[in-house]
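1. No sequence on hand, only this structure:
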């Protein structure tokens, strides 16, 4: 990997007094989260924002809000320590943090995902770690992984799940197309092709390329439907398989192998196993692309933080044994499968890194 | 009130970049809370602490911990953005925040209370505010207030509830005894006497004083049992009543009225109503003491924050209409009942303020 990345988390920056406050913010984190959510849901942050520099008094807020005077008071007072508002001479004003909670799409996607999908299940995080299974998932339904349950989620839950999923992945595909097609591509294998979004993008981008979409049988069935009316659909073929079954291999004869946010759904050993299967159908000229979100390769500390916490969603709710990885883990898996990383491109879209790999001679 | 208190929450101190990070910390607050809890529960913070300045590698942690290597990795990586550990050249070290989470009794009491009592119920904070009732309580049991349910809590839940309750109140009684008994006290009325802790302290402190403990009938029954073997128990009498029943008054003939962390269990209008009842049985010489935790009169910003969030426990779980108040609310209630505050003493114990009041001529 290139080594020009910022390095975070090296210093203990806080005074003892600030650290003590920080510890209380952590200890009251679930309450502050729900308070912030209610401050937005009940329109209080919007009223404060609308008042701008002149601010708004508690009484004015109570007159405008659709909740009880008591509710306005406890929420607005909570907003102070949480850091969403300031209070001067009786007037509340929005802070920058409050503005992000009110208007920033990433912050809103995180809040909704963590309330609708994660909040209740995370009561069981300790159990998930002890059992090595997504023990928090029972708060949503009786499935062994969330992928089985997606079609059974409520409308609101699915909306929040998709908004979170899409926020981080939307837009990255277009940004890497030129790298993948920098050399002529005759046949491309898309492992974990999911709904066929990448496959559609490829056949649109290049009017000759043939794409093989590899995924679980039920996923292939959905992708087939999603692709069939797309221009170039005739150049997409499907290869249903269970990638974790050691007896099943992959199809040969592709000059590009593509895996986007696929390997992070597996444990280290499973990742190495999948890459071994890729190696078995590759030769020296096969270009193998891996697109992932690595917490150690983010431009901003906040991005690294979001990925570190999102790891716990995989631990507690998704499947119990995967995560948002440190790039070193992937490098070791790549090397263990007899490959090397020949190029690393960071800062694609919100948080992606593209690894180009090839077989070692 | 005296006006030499520190004033917080007046400035928006963060840069936009830091505010954006802070917004993500809020949005992932429930996950960070549970991760911090697990880092402590599974002994990881203790191992890191034990390694001191030299630090400890992930591999060493995995060798010493009793959870999976995967569990250690996701938790330790989460600890970085949460601010509990630093990472340098592969070695984890504890931060000051991590030390508070590991060893500080207040931080631990807050964590346990918020996990065992509040976490699951707070999913329903919005509903509690909309309905004006403690809608989160259903996560613990089918009661209309938590006070009814205390005897039905699990051992762990009750332990966490009491540890939180006691952390903030223990020790304050002894610190104010000299103020209450600065003038001779013949008869003292303890309204909301609860388990009789204050009544016992009074009869021990002064071998002549007579105490009247006022509370709900079922509470009086418990207090009677708790006091009966105490020296001076013969000087404690009981006055069971429902303080909110407008047809029921209070007994006359006391030269001191004492209310400690009692009025905060009620709404503003109810507080004024109770103080009116006190006024009706007082004269110009009656000294009326109110001991409370006011969020605006804390020495440290973190203390104010804890009280602002604890307000929401009253909203969501305890009874739905009370809170940890701003002292101005109490001043207005005192004045509305025809009294005035003659002395204010802050910084008693962890977070208490003592108000001495009397009838206005």
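-> Received the coordinates, thanks. Small disclaimer: the values here were computed from a predicted structure and weren't measured.
2. Run through the residues of the stretch 251-361 of chain A sitting next to chain B.
-> A:267, A:295, A:300-302, A:304-306, A:308-309, A:311-316, A:321, A:323, A:326 (Cβ under 8 Å from any Cβ of the partner chain). Heads up, the C-betas are built off the backbone N, CA and C, glycines and all.
3. Report the separation between the residue nearest to residue A:197 when sequence neighbours are not counted and residue A:121.
-> Closest residue to residue A:197 apart from its sequence neighbours, by Cβ to Cβ, 6 or more residues apart in numbering or on different chains: residue A:173 at 6.8 Å. Here the criterion is Cβ to Cβ, to the nearest Å. By it, residue A:173 lies 30 Å from residue A:121.
4. Secondary structure element holding the nearest residue to residue A:141 once chain neighbours are set aside?
-> In space, and not counting its chain neighbours, residue A:141 is closest to residue A:149: 4.9 Å by Cβ to Cβ, 6+ apart. Taking DSSP states H and E as the definition, residue A:149 sits inside helix A:146-149.
5. Pull out the buried residues from that helix.
-> By 16 or more other Cβ atoms under 10 Å in any protein chain shown, the buried positions in helix A:146-149 come out as A:146, A:149.
6. quick one: average pLDDT of that helix?
-> Mean pLDDT, helix A:146-149: 86.
7. Could you see whether chain B lies near the first helix or strand past it going along the chain?
-> Next along the chain after helix A:146-149, taking DSSP H and E as the criterion, comes helix A:155-169. No: counting by Cβ under 8 Å from any Cβ, chain B is not contacted by helix A:155-169; separation bottoms out at 10.5 Å.
8. Distance from the following helix or strand past helix A:155-169 to the middle of the chain?
-> Using DSSP H and E, the helix or strand that follows helix A:155-169 towards the C-terminus is helix A:172-180. Between the centre of helix A:172-180 and the centre of its host chain there is 19 Å, according to Cα atoms, centre = their mean, to the nearest Å.
9. low pLDDT regions in chain A?
-> A:1-4, A:170 (pLDDT under 70).
10. buried subset of the residues of the stretch 251-361 of chain A next to chain B?
-> Among those, the ones that count as buried (16+ other Cβ under 10 Å) are A:267, A:295, A:301-302, A:304-306, A:308-309, A:311-316, A:321, A:323, A:326.
11. Narrow these to those in helices?
-> Among these, the members found in helices (DSSP state H) are A:301-302, A:304-306, A:308-309, A:311-313.
12. Looking at those, which is nearest residue A:218?
-> residue A:313 (22.2 Å; Cβ to Cβ).
13. who touches the closest one in this structure?
-> A:117-118, B:31 (Cβ atoms under 8 Å, 6 or more residues apart in numbering or on different chains).
14. Over to the residue of chain A most remote from its centre: give its phi and psi.
-> Centroid-distance maximum for chain A: residue A:89 at 42.1 Å, with Cα atoms, centre = their mean. Torsion angles at residue A:89 (phi, psi; degrees, to the nearest 10) stand at phi 50, psi 40.
15. who's in contact with it?
-> Applying Cβ under 8 Å, 6+ apart, we find residue A:89 in contact with no residue.
16. Ok, residue A:322 next?
-> Counted by Cβ under 8 Å, 6+ apart, residue A:322 has contacts A:264-267, A:314.
17. repeat for residue A:238
-> A:212-215, A:220, A:223-224.
18. in the sheet, who's paired with it?
-> Beta-bridge pairing of residue A:238 under DSSP bridges involves residue A:213.
19. Could you check how far it is from chain B?
-> 32 Å (Cβ to the nearest Cβ, to the nearest Å).
20. How about residue A:85?
-> 8 Å.
21. Dig out what that residue forms beta bridges with.
-> Using DSSP bridges, the bridge partners assigned to residue A:85 are residue A:94.
22. show me the contacts for the residue in the stretch 201-350 of chain A that chain B sits nearest to.
-> Distances between the stretch 201-350 of chain A and chain B by Cβ to the nearest Cβ are smallest at residue A:305, namely 3.2 Å. Contact partners of residue A:305, counting by Cβ under 8 Å, 6+ apart, are B:21, B:24-25, B:28, B:81-82.
23. hang on, the earlier thing: can I get the contacts of residue A:313 in CSV with neighbour count, secondary structure and distance to residue B:259?
-> As requested, those are arranged in CSV below (neighbours: other Cβ atoms under 10 Å in any protein chain shown; DSSP: H, G, I helix; E, B strand; the rest coil; distance: Cβ to Cβ, whole Å):
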residue, neighbour count, secondary structure, distance to residue B:259
A:117, 25, helix, 45
A:118, 27, helix, 42
B:31, 28, helix, 40
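24. list the helices and strands the helix holding residue A:149 packs on?
-> With contacts taken as 3 or more Cβ pairs under 8 Å, 6 or more residues apart in numbering or on different chains; DSSP states H and E, helix A:146-149 sits against no other helix or strand.
25. so residue A:225, which of the three states?
-> helix (DSSP: H, G, I helix; E, B strand; the rest coil).
26. number of nearby residues for it?
-> Residues lying near residue A:225 (other Cβ atoms under 10 Å in any protein chain shown) number 11.
27. Likewise for residue A:335?
-> 15.
28. Doesn't it belong to a helix?
-> Yes: under three-state DSSP, residue A:335 sits within a helix.
29. can you pull the contacts of it?
-> Contacts of residue A:335 by Cβ under 8 Å, 6+ apart: none found.
30. Quick check: the gap between it and residue A:273.
-> When residue A:335 is compared with residue A:273 (using Cβ to Cβ), they lie 14 Å apart.
31. Show me how far stretch A:171-186 is from its chain's centre.
-> On Cα atoms, centre = their mean, the centre of stretch A:171-186 falls 22 Å from the chain's centre.
32. what does stretch A:129-136 give?
-> So, by Cα atoms, centre = their mean, the centroid of stretch A:129-136 is 20 Å from its chain's centroid.
33. Mind listing residues that contact it?
-> Here stretch A:129-136 makes contact (Cβ under 8 Å, 6+ apart) with A:118, A:120-125, A:127-128, A:144-146, A:314-321, B:38, B:42, B:67-68, B:70-71, B:74-75.
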